[in-house]
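Q: task: produce atomic coordinates for the following.
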Amino acid sequence: MDKILYHTPEQLKEMTANNRQEFSVLFQKLKKKKPKNLDSIVQQLHEEAFDQFDCLDCANCCSSISPIVIDKDVERLAKSQRMKPADFIASYLYKDEDNDYVFQQTPCPFLMGDNYCCVYENRPRACREYPHTDRSRFYQILNLTKKNCEVCPVVFAIVKDLSKREW
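A: Sure thing, here's the model as predicted:
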C-alpha cells in the first residue's frame, strides 16, 4: 500500500470525484462477484493502513460527519456526562431524515482541539467501528465505503488499492 497522507474532506471529495469512474467500476465488480477473499484483503489493507496512519493527525470524521447514535450510546454518553438520557438528547442530538439520532453539530461536541475525544471510552458504536474497513461482508457496505472515501484518507487509500487489483 502506498503511504497514506492526510487530506482534508474537500481534497478527498475532489480526489474521489477524480476517481469516480474507476471506483464505480470496482464497486460494480465487487457487488456482482462478492469475492470470497475480499474481507481478508480489506482486513490486511486496513491493518497496513493503520500501522502508518494516526487518526489523531486527521479527525476528519469527527470534524465533518456525525455518527448515528443508538439508544445504548445515549445511555452510556448521558451517564458519562452525568445527565439524564432525555437531557442528553435535548442538548446534543436530533433525529435526521432517516429518523436516526445524530449530533446537532459538527465538529463533534466532544472533539477537543488536539483531536482527542473527551468521551472516547464512551463514544458511540458508529465511532468505535469507523471507518468500517475491518468488518466482515465488506461488499455489503460498498455504498457507505464510497461516501467514506470523501472523509477518511485510509478508506480512500484502501479503495484506491482495491481498484488496482484484478477482480
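
Q: and the most centrally placed residue in the chain, helix, strand or coil?
A: The centre of the chain sits closest to Pro131, judged by C-alpha atoms, centre = their mean, with a distance of 3.2 Å. Three-state call for Pro131 (DSSP: H, G, I helix; E, B strand; the rest coil): coil.

Q: who touches it in this structure?
A: 61, 148, 151-152, 154-155 (C-beta atoms under 8 Å, 6 or more residues apart in numbering). From N, CA and C alone the C-beta is placed, and that goes for glycine too.

Q: can you put these in JSON lines and add distance to Asp114, pLDDT and neighbour count?
A: Below are the contacts of Pro131 laid out as JSON lines (distance: C-beta to C-beta, whole Å; pLDDT from 0 to 100; neighbours: other C-beta atoms under 10 Å):
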{"residue": "Cys61", "distance to Asp114": "16", "pLDDT": "98", "neighbour count": "23"}
{"residue": "Asn148", "distance to Asp114": "23", "pLDDT": "97", "neighbour count": "24"}
{"residue": "Val151", "distance to Asp114": "20", "pLDDT": "97", "neighbour count": "24"}
{"residue": "Cys152", "distance to Asp114": "19", "pLDDT": "98", "neighbour count": "29"}
{"residue": "Val154", "distance to Asp114": "20", "pLDDT": "97", "neighbour count": "25"}
{"residue": "Val155", "distance to Asp114": "23", "pLDDT": "98", "neighbour count": "25"}
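
Q: okay, and which of those residues map to helices?
A: 61, 148, 154-155 (DSSP state H).

Q: need those in CSV (columns: distance to Arg165).
A: As requested, those are exported to CSV (distance: C-beta to C-beta, whole Å):
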residue, distance to Arg165
Cys61, 26
Asn148, 19
Val154, 17
Val155, 16
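
Q: so Cys149 touches Phe23, yeah?
A: Yes - between Cys149 and Phe23 there is a contact under C-beta atoms under 8 Å: 7.0 Å.

Q: which of these two has more residues huddled nearby?
A: The residue with more neighbours, out of Cys149 and Phe23, is Cys149; 24 against 21, by other C-beta atoms under 10 Å.
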